[in-house]
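Peer 1: Could you look at this predicted model? Sequence included:
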Amino acid sequence: MRFLPHTDTDRSAMLESMGAASIADLFADIPAELHLERGQLNIADALSEAGIVRKFTKASEKNRNATNTRYFLGGGTYNHFVPAVVDYVISRGEFLTAYTPYQPEIAQGTLQALFEFQTMIARLTGMDVSNASMYEAATATAEAALMARRVSRKKRVVIAGSVNPRYRSVTANYLSRLDGECIEVAMGNDTADFGTDMDRLIASIDDSTACVIVQYPDFYGSVYDLAALRAACDANKCLMVVAFSDVTAFALIESPGAMGADIAVGSGQSLGIPMAFGGPHLGLFTCKQKYLRQMPGRVCGLTRDADGKRGFVLTLSTREQHIRREKATSNICTNQGLMCTAAATYMSLMGDAGLATIAQRSAAALQMLVSRLPDHVSAAAGAHYNENVISFANQSARDRFLNIAQAQDIFAGIALEKIDVHAEPRHLLVSTTEMIEEADINDYLAALEAASE
Amino acid sequence: MNNNTSKYSATQGIQHEEALLFEHAHEAPESIHLPGVEGAVPEALQAFMRQQPANIPGLSEPEAVRHFVRLSQWNHGIETGFYPLGSCTMKYNPRVNEQVARLPGLAHIHPDQPEDTVQGALELLYEVQQWLGEISGLPYVTLQPAAGAHGELAGLMMIRACLDARGDTKRRTVLVPDSAHGTNPASAALCGMHTVELKSGADGRIDLAELKAHLNNETAALMMTNPNTAGAFESDIKEICQLVHDAGGLVYGDGANLNALVGVARPGDMGLDCLHINVHKTFATPHGGGGPGAGPVAVNDTLKPYLPVPRIVKDGENYYLESTSDTSIGSILSTLGQSGVYVRANAYISAYGRQSLYKIAEDAVLNANYVLHRLKDVYHVPFEGVCKHECLLTDELQNKHGIKTLDIAKRLIDLGFHPMTVYFPLIVHGAMLIEPTETESRETLDSFCDAMLEIAAQCEAGETDLLHDAPLSPIRRRLDETQAARKPVLVWPQ
């Protein structure tokens, strides 16, 4: 077996050196009736490396993908451009095959990259501090709710119905076994309601509320002002938690921090991380400095070494499970470390200017599409970043369009009810990135015309 | 330490200082050439435009590459050297797995594109789901948990749901041995349960009398690791499971140490109800400097109804995602799981196949016992007997020279090795937990053992300054963790 260095001669010599007659001696502490007959598990036969490449290539070729299809799919995962350098950096064995940097003297590479990541994420989101990642956006949202409960010492969590339904359901699931309520504020069922109804949301806050969770831009892509919510949170001494699904938005529109968020969480998948059928992605977690010690997850901090040189370590570990056990701020241990390195590399290649270009083009593509929609479909009004809901007369009209578009190598959107199970089955959640060109939009519109005939 | 360079792999080498990105002080170069629609930003967005730039430093491509390549050279990785971290299973990560995971039809697919356009991906994930069930002896598997601790949470949620369905709503106590990983009690707390610690017996194993004394009508589960974190197999496992079941509880397995058992014995056959698997340990997916991992959970018939959704199911020749279930605990992630990690795990299991999978456990256990045998006369061994995939030593014999586990660990760095896991498990003082894994050669094991013996000899010879000052060779020496925590600086000032 090519991953195992020992020959049988090595094995015999090693066993002999320790006075063991056979490998079986080393497993004698496992009761005999529990031993499997070797080589009898119901698993496929071993493949050569060439066989593995062939198997996976064949499986890969069965899937439509972003190299042969135009993606207007979002809903939390986005097809942004990934520069070659990002994949090169995270393919380097020193980043790829390193453990969590608990021995900082020989992990300064990972640690400095984490420090740079934390700094750039804090700047992009407009927040004071960032941790070194969560699994993804939904668990980050749930952890934000838990943190807000600790900070406020209150237990009632309010979550807007315009937050991605998956983030909502995971958050509600996390909270459901603990004391205290988790209130979802429905936003209505009309097409006009694809957005965030601030009045309804504010009306649901009371002085027992630990936090209000909104998404900005919201699940439907709507961009709106948070000033009134900030004031309502202040009046009720509750935290404002802002979730987001495409962090590139904040290279164009005002950041959660500037909007007054106490905690901002969401997905960093857009920062150089492939869609990869749902993961590994990158959960971002940021907050105000004053709440730092209640933040979940690992963080990297600056310090000095014995010679006085600048260096980095994982810090504030007294919040964490390996020290605090059942009193830890979270149970998270393994995070998405390599994705932080990817995101740091990506951001350094882009800089402010590149990120702004990506954000402008993502928004411009959506604007071009929406402004040219034919009469038989409609898009939700108001300000949108790179995502919006377009609506058809009925399900069959929508699905006819989806099929025609797919035949022309376009994934035209996500059937809204697939994520938002209460939505009528006639809407599409449509998303654009800088990977969409004008020609793709022309083809999309042509497919819409064809579907209406 | 230069006199060691011929004997051990450590070297002073070429070491570059590297500034922070934010210190590369020049104006950002021309932005990277990007695709896309060069249209106007919509009028409606104008009211929301960002007022202050984020101040993300843009580097030219050659500068960015050099920056991150230099940083990479400050890291120890499995590809650069031995990494004997106990309970972490730092084995070689096959390169072909990286190659296949980057195939466009696997890397560049969206979790919400139509199911008939991702049949190849679903097939690979379904296959690995079935294989993990077969390897664990617990046939039903969820791929949703993103890492081990997330799997613990999922498993405990299922256990709680199962007990609630039985009307056992008072069962909220989770028994956890004092040798357990810290994630175990933290996960229980997050699941609205509380933990009671079981004191380990004199042999480091679960003490049956202690277990019996704590089992009662409030017991929800026993959460255990087998082999345990002292590297010992819980030989009473069947009786342990029987006792817990008779008391009305369930048995949760922390699969961090599954590498000792792959293809040799199955937790399901031992009586466990549930097991999370650390794919980034046992199934060789890269740790990435802290993640990503994957923590799938395998369960038996008792817990099957409560599995999270979505789950991949097969209908004839077609695969699809089952997204609803009346009894499910619901979703714990926004997608079906860390698919890219499972693609690599599938490739890894495919390489061993049915015929060879057991060799993983056999060589892992052989290597750990070999290290134990070579070091047992010089370092204190708290628990006698064969070990499984990792061996536990302590610094007791070195303490009298004023040398602690931390000093030994740091000195190993100077000699070219990553330290072992230190001060864990908590049941012994000054723990050193060594897990060599199956992918290390005898030559490497001997070199490591020589280094450990040399350190012990230096203790005996009173060369303690060398050990207290270690490490001397890496780009940074011991870092001031107290200062970092007292005045945390987590971001570079603007």
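Peer 2: Thanks, I have it. Numbering: from 1, shown residues only, chains lettered A, B, ... in the order given.

Peer 1: Show me what stretch A:48-60 is in contact with.
Peer 2: For stretch A:48-60, the external contacting residues (CB atoms under 8 Å, 6 or more residues apart in numbering or on different chains) are A:2, A:47, B:96, B:99-100, B:103-106, B:120-121, B:123-124, B:343, B:347, B:350-351. C-betas here are computed from N, CA, C, even on glycine.

Peer 1: now that stretch: mean pLDDT?
Peer 2: Average pLDDT, stretch A:48-60: 98.

Peer 1: export that stretch as CSV, just CAs?
Peer 2: Output in CSV follows, covering the C-alpha atoms of stretch A:48-60 (Å, rounded to 0.1, in the frame of the first residue of the first chain):
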residue,chain,number,x,y,z
SER,A,48,-4.6,2.4,-8.1
GLU,A,49,-3.9,6.1,-8.3
ALA,A,50,-4.8,6.0,-12.0
GLY,A,51,-8.0,4.2,-11.1
ILE,A,52,-8.9,6.9,-8.6
VAL,A,53,-8.3,9.7,-11.2
ARG,A,54,-10.5,7.8,-13.6
LYS,A,55,-13.3,7.2,-11.1
PHE,A,56,-13.4,10.8,-10.0
THR,A,57,-13.1,12.2,-13.4
LYS,A,58,-16.0,10.1,-14.5
ALA,A,59,-18.1,11.3,-11.5
SER,A,60,-17.0,14.9,-12.1
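
Peer 1: Model confidence for A:Leu73, exactly?
Peer 2: 98.

Peer 1: Give me the distance between the residue lying closest to it once chain neighbours are set aside and B:Asp301.
Peer 2: Take A:Leu73 and drop its neighbours on the chain: the residue closest to it by CB to CB, 6 or more residues apart in numbering or on different chains is B:His110, 4.6 Å away. Counting by CB to CB, to the nearest Å, the separation of B:His110 from B:Asp301 is 34 Å.

Peer 1: Mind checking which of those two has more residues around it?
Peer 2: Ranked by neighbour count (other CB atoms under 10 Å in any protein chain shown), B:His110 and B:Asp301 place B:His110 first, with 28 against 10.

Peer 1: Secondary structure of the more buried one: a strand, I assume?
Peer 2: No. Secondary structure assignment (DSSP: H, G, I helix; E, B strand; the rest coil) places B:His110 in coil, not in a strand.

Peer 1: about what we covered before: by neighbour count, sort out the buried ones in the contacts of stretch A:48-60.
Peer 2: Among the contacts of stretch A:48-60, the ones that count as buried by 16 or more other CB atoms under 10 Å in any protein chain shown are A:47, B:96, B:99-100, B:103, B:105-106, B:120-121, B:123-124, B:343, B:347, B:350-351.

Peer 1: Determine the number of other residues adjacent to A:Asn68.
Peer 2: 11.

Peer 1: Grab the nearest non-local neighbour of it.
Peer 2: A:Asp409 (6.3 Å).

Peer 1: ok, that neighbour - contacts?
Peer 2: A:Asp409 touches A:Arg64, A:Asn68, A:Thr69, A:Arg70, counting by CB under 8 Å, 6+ apart.

Peer 1: any chance of those residues in TSV, with pLDDT and secondary structure too?
Peer 2: What follows is the contacts of A:Asp409, written out as TSV (pLDDT from 0 to 100; DSSP: H, G, I helix; E, B strand; the rest coil):
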residue	pLDDT	secondary structure
A:Arg64	98	coil
A:Asn68	96	coil
A:Thr69	98	coil
A:Arg70	98	strand
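
Peer 1: Isn't A:Met147 up against A:Tyr291?
Peer 2: Yes. A:Met147 is in contact with A:Tyr291 according to CB atoms under 8 Å; the separation is 7.1 Å.

Peer 1: Between those two, which contacts overlap?
Peer 2: Joint contacts of A:Met147 and A:Tyr291 (CB under 8 Å, 6+ apart) are A:Ile263.

Peer 1: Which one's more surrounded, those two?
Peer 2: The neighbour count for A:Met147 versus A:Tyr291, taken as other CB under 10 Å, is higher for A:Met147 (25 against 17).

Peer 1: Just the buried residues of the strand or helix carrying the more buried one, please?
Peer 2: Element membership for A:Met147, per DSSP states H and E: helix A:137-152. Under the neighbour-count criterion of 16+ other CB under 10 Å, helix A:137-152 has A:137-149, A:151-152 buried.

Peer 1: before we move on, what about stretch A:44-63?
Peer 2: A:Ala46, A:Leu47, A:Glu49, A:Ile52, A:Val53, A:Lys55, A:Phe56, A:Ala59, A:Ser60, A:Lys62, A:Asn63.
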